[in-house]
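S.K.: Structure for the following, please:
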Amino acid sequence: MAEMSALFLASAIVVGPHCPHGRRGDDRHAESRRRARSALASRYVVIGLARAIVVVMDAGKITDTVLFWSEHAVQGLSAFAFYST
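M.R.: So this is what the prediction gives:
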């Protein structure tokens with residue numbers, strides 16, 4: 001979680017000041033920055049929700065149970081089912 005959060009923060013710092021349209025006062029630039037901020041904000045919400053789920057699962061001591069049953073659910077599948085390409 002810490003690595004993913006750091007990656008998104010670093011990408012926001014790198015992408016934030018980038019000006020794809022030349023002049024800083026351009027309306028297109030302002031719209032582009034607004035879209036970039038909203039895209040990054042949605043990613044931060046997803047990271048926060050994922051972290052909240054991890055905290056709740058750890059506090060309820062159900063992480064091991066979920067992993068155990070997930071292992072049994074995929075036990076009979078071939079390795080081909082896990083390849084993404």
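S.K.: which non-adjacent residue is nearest Met57?
M.R.: The shortest distance from Met57 to any non-neighbouring residue, by Cβ to Cβ, 6 or more residues apart in numbering, is to Thr63 (4.6 Å). The C-beta positions use only the backbone N, C-alpha and C, and glycine is treated the same way.
S.K.: where's Leu9, which helix or strand?
M.R.: Leu9 belongs to helix 2-15 when assigned by DSSP states H and E.
S.K.: what's that helix packed up against?
M.R.: On a contact count with 3 or more Cβ pairs under 8 Å, 6 or more residues apart in numbering; DSSP states H and E, helix 2-15 meets helix 27-59.
S.K.: Now the helix it packs on: buried residues?
M.R.: His29, Arg33, Ala36, Leu40, Ile47 (16 or more other Cβ atoms under 10 Å).
S.K.: That one to helix 2-15, inter-axis angle?
M.R.: Angle, helix 27-59 to helix 2-15, by axes from the mean of the first three to the mean of the last three Cα atoms, to 10 degrees: 170 degrees.
S.K.: now helix 27-59: how far from the chain's centre is it?
M.R.: 7 Å (Cα atoms, centre = their mean, to the nearest Å).
S.K.: Mind giving me the packing neighbours of it?
M.R.: helix 2-15, helix 63-73.
S.K.: where's Ser5 relative to Val56, distance?
M.R.: Taking Cβ to Cβ, to the nearest Å as the measure, Ser5 and Val56 are separated by 18 Å.
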